[in-house]
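Novice: Just a sequence and a predicted model for now, questions to come.
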Amino acid sequence: MDFRKIHCNWCKLRTGRTEDCMPCPKYRKYELEIDPVLTMDSFCSICINRDNHELEVYCRTNRFLQEDSREDFDCYRFCMNVRTPR
């Protein structure tokens, strides 16, 4: 079963090619079964919204609220920079 149907409800790539998801932390955790913990660094470091000034407050608040949580980090604004084939 495709892990994206359960774990990636918010992601624009969930109906695309699975190969496009390879840089995503959820791909490593659920498809490859490595990296057991999803951290904010693993998401934020590859997110195209990282330097978006309009989302700065959202991102800071989201990270703060999840910082001490024992649950995996998640962000519905996470968006990877995926190159499309020419």
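Specialist: Cool, the structure landed. Residues are numbered from 1 along each chain as shown.

Novice: Surely Arg50 and Met40 touch.
Specialist: No - counting by Cβ atoms under 8 Å, Arg50 stays clear of Met40, with 11.1 Å between them. All C-beta atoms are positioned from the backbone trio N, CA, C, and that covers glycine.

Novice: Which of those two has more residues huddled nearby?
Specialist: Using other Cβ atoms under 10 Å, the more surrounded residue of Arg50 and Met40 is Met40, with 19 against 15.

Novice: If we ignore the residues flanking it in sequence, what's nearest Leu38?
Specialist: Leaving aside its sequence neighbours, Leu38 sits nearest to Asp72 (Cβ to Cβ, 6 or more residues apart in numbering; 3.8 Å).

Novice: List the contacts of that neighbour.
Specialist: Lys29, Val37, Leu38 (Cβ atoms under 8 Å, 6 or more residues apart in numbering).

Novice: dump the residue contacts of the last one.
Specialist: Spelled out, it's Leu38. Applying Cβ under 8 Å, 6+ apart, the residues near Leu38 are Pro25, Lys26, Lys29, Asp72, Phe73, Asp74.
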